[in-house]
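Participant: take this sequence and fold it.
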Amino acid sequence: MIPACTLRPEPRAQAQVGNRFELKFAVPSDRVGALLDELGPYLDRDPHASATGYSVHSTYWDSPDLGCFWEKVDGQKYRRKVRFRRYRPGRHGFLEIKQRIDRSVQKRRVPITIERVRQVLGDRCESASDPVLHPVEQEAQFLCRHFALGPSFDVAYRRRAYFARVEPALRVTFDTRLHYEPQRGEGVEEDASFECSKTLLEPSLTLMEVKFNHRVPIWLTKKIGVFGLRLVRFSKYCAAVDRELFDGRHT
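Facilitator: Model (predicted):
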């Protein structure tokens with residue numbers, strides 16, 4: 001049962017968008033093919049991904065007392081997460097700040113290397129007032145210093161991504177093979193595994209995410225109803241923390 005609750009160019013997904021919303025659904029994995037067949041006339045595959053999708057590996061930052069985790073569990077309406085996301089093994093990726101205000105989500109990101117992440121967010125980081133820092137780097141550095149954030153958990157999965165043909169701001173993704181690994185003091189590593197060892201979501205389920213600016217189009221609402229998909233609250237990071245430390249009691 002699902003808990004309730006890169007350097008890879010993505011030109012349409014990369015810009016910060018105000019008042020963006022996300023809906024998540026648990027889809028039986030054996031029904032994903034049929035669902036994609038139904039959605040096929042309305043969606044185009046992400047041009048930067050193959051038919052089998054692409055791998056995602058994210059390192060999340062949190063405080064020693066897991067402040068980011070508890071903000072989510074407690075339903076705090078305004079919260080931010082810092083993460084380093086890669087779409088293939090290596091030194092390159094994106095430093096991201098994902099911010100939620102009530103039900104809307106904004107994501108700010110900047111291309112970055114592992115060495116730069118260590119320089120900006122490590123123990124000997126640059127001054128937050130240094131003019132060479134990108135605004136996202138400045139904000140992430142402030143959060144890390146103010147809340148004593150450090151690398152906490154790694155989450156990896158396989159994603160298939162699509163854009164709506166008529167509503168290009170609408171994005172639909174399917175995530176499988178969700179795994180996680182707690183950080184053990186090594187920090188952000190170049191050879192981090194894209195296949196973490198601990199299962200985050202049962203293979204029988206696929207996580208479908210719908211991301212949109214204003215509303216879900218009627219054609220998609222109807223397909224969701226026909227397939228009887230149920231809406232879930234699911235944070236990959238929080239689910240990983242909960243499974244590892246609290247036996248899944250909080251999410």
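Participant: where does the prediction get shaky in this protein?
Facilitator: Within the chain, the stretches with pLDDT under 70 are 1-19, 123-131, 186, 191-193.
Participant: show me where it has strands.
Facilitator: Secondary structure of the chain (DSSP state E): strands at 20-28, 43-45, 54-62, 78-86, 92-101, 104-113, 150-164, 171-182, 198-199, 205-212, 230-232.
Participant: so can I have CSV of the ones you listed showing distance to residue 246 and mean neighbour count?
Facilitator: Any C-beta I mention is one placed from the backbone N, CA and C, and that applies to glycine too. Below are the strands of the chain laid out as CSV (distance: least, C-beta to C-beta, whole Å; neighbours: other C-beta atoms under 10 Å):
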stretch, distance to residue 246, mean neighbour count
strand 20-28, 21, 18
strand 43-45, 37, 14
strand 54-62, 14, 23
strand 78-86, 18, 20
strand 92-101, 21, 20
strand 104-113, 25, 18
strand 150-164, 13, 21
strand 171-182, 13, 20
strand 198-199, 14, 14
strand 205-212, 20, 20
strand 230-232, 18, 13
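Participant: need the ones you listed in a markdown table (columns: distance to residue 220).
Facilitator: As requested, these are exported to a markdown table (distance: least, C-beta to C-beta, whole Å):
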| stretch | distance to residue 220 |
| --- | --- |
| strand 20-28 | 10 |
| strand 43-45 | 9 |
| strand 54-62 | 23 |
| strand 78-86 | 26 |
| strand 92-101 | 22 |
| strand 104-113 | 18 |
| strand 150-164 | 8 |
| strand 171-182 | 8 |
| strand 198-199 | 29 |
| strand 205-212 | 7 |
| strand 230-232 | 13 |
